[in-house]
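A.B. asks: mind looking at a prediction? Sequence and model below.
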Amino acid sequence: MPWGCKQENIPDYLNLQLFVSQTDGFQNISEERYRPLSSRLLIGRPRWRLLFEEIGKTNKAWVWVFCCGPKGISRTLHRLCNSDHYSATTFEFNKESFS
């Protein structure tokens, strides 16, 4: 937190949600050391349009979207970022590649 900022009434700067679509062989993450991760972990595939609508309602300025997934997900997210459904929010799409 920057020096001089009050901790109260400050919205989240980073909203991180992790989706796991395949749980085969997935370890039990109920251990104490995984507690921060498990609070942001969602099982199943994201409902992208609903997720963008929710984020658009709470963020009226600029949102950066980073994708390091396969081409199909990248295309979907890129289209959603460029759509006009979120007039008060600008979504900027960024493709990440770790190869």
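C.D. replies: Happy to help now that I have it.
A.B. asks: please name the residues that touch Asp19.
C.D. replies: That one is not Asp; residue 19 is Phe. Neighbour list for Phe19: Leu42, Ile43, Gly44, Arg45, Pro46 [criterion: C-beta atoms under 8 Å, 6 or more residues apart in numbering]. C-beta: built from backbone N, CA, C; applies to glycine.
A.B. asks: wait, a strand at it?
C.D. replies: Yes: remark: Phe19 belongs to a strand, assigned using DSSP: H, G, I helix; E, B strand; the rest coil.
A.B. asks: who's it bridged to?
C.D. replies: Residues in a beta bridge with Phe19, per DSSP bridges, are Leu42.
A.B. asks: ok, it to Pro70 distance?
C.D. replies: Distance of Phe19 to Pro70, computed by C-beta to C-beta, to the nearest Å: 13 Å.
A.B. asks: show me the strands in the protein, by range?
C.D. replies: With strands called from DSSP state E, the chain shows them at 18-20, 41-43, 62-67, 90-95.
A.B. asks: just the angle between the last one and strand 62-67, please?
C.D. replies: For the pair strand 90-95 and strand 62-67, the angle between their directions (axes from the mean of the first three to the mean of the last three C-alpha atoms, to 10 degrees) equals 20 degrees.
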